[in-house]
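In: attaching a predicted model along with its sequence, questions to come.
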Amino acid sequence: MNDRERRGKFAEPLSVMVAALLLCWPAIYNRYPLLFPDSISYIGGGSRIARVLFLHQLSADYGMRSLVYSLTLQPFHWNLTLWPIVLLNALITAWILWLVVRAILPRHTVAYYLGIVAILSAFTSASWYVSLIMPDILGPALYLAIYLLVFARDTLSKTEHIPLAVIACLATASHATHLMLATILCAGLIVLLVFRPMRRHTRGIAEVAAILTIAALTQIALNAYLYNQPTLDARRPPYLMARILGDGTGRDYLQHHCSDHQWLLCDHLANLPTTDDEFLWAEGSIWSTATEGQQQQLRREELPFVLATLRAYPRQQLSHSLDNAWQQLINFDIHDFDSNTWMDAALPTVLPGAAAPYSRSRQARTALPEDLFSTLHFWTVVISLPAILIALALRRNTRLLTLTLLILPAVAANAALTGILSDLDGRYQARVVWLIPLLALLAIASALSPVPPRTPHSSTL
């Protein structure tokens, strides 16, 4: 092996490790991994699930979020430290970005890759969600993995293909939104098989469909074993009910139809919530104060109530839903990393010894520069949109065009799903919208490349 081959052999792992370190900077700057109240549920649920699976020690509750994700995290923290999870997020993200950059920019890949990751880390939300103990960063990883498995299979070695498929499966099972959005993308690709050029990607699409199926069945099996409920989300709060109430159409329906139905919500007709948060999470809310039996009843009544409201007020709800989707699409502030009283108190119960190091973090003191980076992130995304169009016009790169036609609908669909089915929160869009600057950087690098990338086997959607 000559010196050039030896350098090439170590270029990828060294580049990925450097990129992973760059992506971790918010956690390093914070002096502790970033946390969100939901992080406590994911951290605490893993040990309870592991005990019942391996020691048959039953628990009354295993959490209401992804059981697969909670269980996956357990070996990376062992209720001792959260830093390995940040490293896991960083390595997964850095490696998948390497595969994408290599597929689109096969020449001078290392230089382009490190430059792209450095800019993404400094000016977008990517590094913030790598540093967050949540499954959020796995959504973009999944959508990029779908692109690689379907449209860039020839760039993957066997040793890369299998771990990429495993990561895609984990990412799918880690959050309900990931499963829904990936299913939409997969369904769209299946529909496109009617076009002859797409049929060469049949194997890749079938593999993605199999990955989504395995992820869904795994989550269903865990819920069936732990809760005796073969569903995707056994303890899911009634988010749709909360959304309809928050939009006002649900309140209007109850005001006029409680005499015709015996909804449990009718017992609260005098103090119906005006926002979804007031229904689900506020102190003294209907959901948080309901007994276990009442919560089960609310879940049972959710779909009939939502459908009845839609039949009564179709145009009004459509207007609200479209407005919610639009507001979510343009709302991607980085403002979810403040200190939280409940989270501060709950963290030591799931991670003994965490109180002291967390208290020294900037997040605990509400001292993170969220406003500054929200502004930087916003303008980076805004500038990226025309940059994509201009750069693609200057240099045609078929693989990049294919990625663009996959990612832009995914970002829009994410806004629609979260805005229509849940509350409006900048976190929901900020966790995926950094893919737009990624597209812009790839397009600019492709346009500046002195030699057009050769992609003999590439094709568009």
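Out: Perfect, thanks for sending it.

In: who touches residue 262 in this structure?
Out: Residues near residue 262 by Cβ atoms under 8 Å, 6 or more residues apart in numbering: none. All C-beta spots, glycine's among them, are computed from the backbone N, C-alpha and C.

In: that one: which element?
Out: Assigned by DSSP states H and E, residue 262 belongs to no helix or strand.

In: now do the same for it: its pLDDT.
Out: pLDDT, residue 262: 82.

In: next, it: phi, psi?
Out: Torsion angles at residue 262 (phi, psi; degrees, to the nearest 10) stand at phi -110, psi 50.

In: now the one 10 residues further on
Out: Backbone torsions of residue 272, given as degrees, to the nearest 10, read phi -70, psi 140.

In: would you mind confirming that it makes contact with residue 253?
Out: No. Assessed by Cβ atoms under 8 Å, residue 272 is found out of contact with residue 253, at 10.6 Å.

In: out of these two, which sits in the busier spot?
Out: residue 253 (24 against 18; other Cβ atoms under 10 Å).

In: show me the helices in the stretch 51-200 of the chain, by range?
Out: Counting by DSSP state H, counting those that start in this stretch, the stretch 51-200 of the chain has helices at residues 67-77, 83-104, 109-123, 126-130, 138-151, 158-173, 176-191.

In: can you check the stretch 351-461 of the chain too?
Out: For the stretch 351-461 of the chain, the helices defined by DSSP H, counting those that start in this stretch cover 355-359, 370-394, 398-421, 426-433, 435-448.

In: and the ones you listed as TSV, adding mean neighbour count, mean pLDDT and distance to residue 182?
Out: Putting these into TSV (neighbours: other Cβ atoms under 10 Å; pLDDT from 0 to 100; distance: least, Cβ to Cβ, whole Å) gives the following:
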stretch	mean neighbour count	mean pLDDT	distance to residue 182
helix 355-359	15	93	33
helix 370-394	16	93	22
helix 398-421	20	94	9
helix 426-433	24	94	12
helix 435-448	23	95	14
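
In: let me know which of those helices is the nearest to residue 236.
Out: Distance to residue 236, taken as Cβ to Cβ, is lowest for helix 398-421 among the helices of the stretch 351-461 of the chain, at 11.3 Å.

In: tell me which other helices or strands the closest one touches.
Out: Packing partners of helix 398-421 (3 or more Cβ pairs under 8 Å, 6 or more residues apart in numbering; DSSP states H and E): helix 83-104, helix 138-151, helix 176-191, helix 239-247, helix 314-329, helix 370-394, helix 426-433, helix 435-448.

In: adding distance to residue 262, write the ones you listed out as a markdown table.
Out: Formatted as a markdown table, the helices and strands packed on helix 398-421 follow (distance: least, Cβ to Cβ, whole Å):
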| stretch | distance to residue 262 |
| --- | --- |
| helix 83-104 | 46 |
| helix 138-151 | 39 |
| helix 176-191 | 29 |
| helix 239-247 | 16 |
| helix 314-329 | 23 |
| helix 370-394 | 46 |
| helix 426-433 | 34 |
| helix 435-448 | 46 |
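
In: and among the helices of the stretch 51-200 of the chain, the most buried is which?
Out: helix 126-130 (a mean of 28; mean count of other Cβ atoms under 10 Å).

In: got the contact list for that one?
Out: By Cβ under 8 Å, 6+ apart, helix 126-130 touches 22-27, 34, 86, 89-90, 93, 120-121, 136-137, 140, 334, 337, 373, 430-431, 434, 438.

In: go on, stretch 187-196?
Out: Counting by Cβ under 8 Å, 6+ apart, residues outside stretch 187-196 touching it are 150, 198, 199, 201, 202, 205, 208, 209, 409, 461.

In: for the record, mean pLDDT for it?
Out: Here stretch 187-196 scores 94 as its mean pLDDT.

In: just give me how far it sits from the chain centre.
Out: Mean C-alpha position of stretch 187-196 versus that of the full chain (Cα atoms, centre = their mean, to the nearest Å) differs by 25 Å.

In: what's the closest of the helices and strands packed on helix 398-421 to residue 419?
Out: Of all those, helix 314-329 comes closest under Cβ to Cβ, at 3.2 Å.

In: quick one: the closest one to chain centroid distance?
Out: 22 Å.

In: can we start the residue count at 24 from this point?
Out: All right, first residue 24 from here; so that's helix 337-352.

In: and stretch 285-294, how far out from the chain middle?
Out: 34 Å.

In: now do the same end-to-end measure for it.
Out: This stretch, stretch 285-294, spans 17 Å end to end (Cα to Cα, to the nearest Å).

In: now it: buried residues?
Out: Residues 286, 288, 291 are the ones in stretch 285-294 that count as buried (16 or more other Cβ atoms under 10 Å).

In: for those, which one is nearest residue 344?
Out: Of all these, residue 288 has the smallest distance to residue 344: 20.1 Å, by Cβ to Cβ.

In: show me the contacts for that closest one.
Out: The contact partners of residue 288, by Cβ under 8 Å, 6+ apart, come to 264, 268, 277, 295, 309, 321, 324, 328.

In: try it again at 7 Å.
Out: Going by Cβ atoms under 7 Å, 6 or more residues apart in numbering, residue 288 touches residue 277.

In: then the one 10 residues further on?
Out: The neighbours of residue 298, taking Cβ under 7 Å, 6+ apart as the test, are residue 269.

In: repeat that for 10 Å
Out: Neighbouring residues of residue 298 by Cβ atoms under 10 Å, 6 or more residues apart in numbering: 265, 266, 268, 269, 270, 304, 305, 446, 447.

In: name the helix or strand of the chain that has the lowest mean pLDDT.
Out: The weakest-scoring helix or strand in the chain, judged by mean pLDDT, DSSP states H and E, is helix 26-46 (a mean of 81).

In: hey, what's in contact with both of residue 295 and residue 276?
Out: Going by Cβ under 10 Å, 6+ apart, residues that sit against residue 295 and also against residue 276 are 268, 288.
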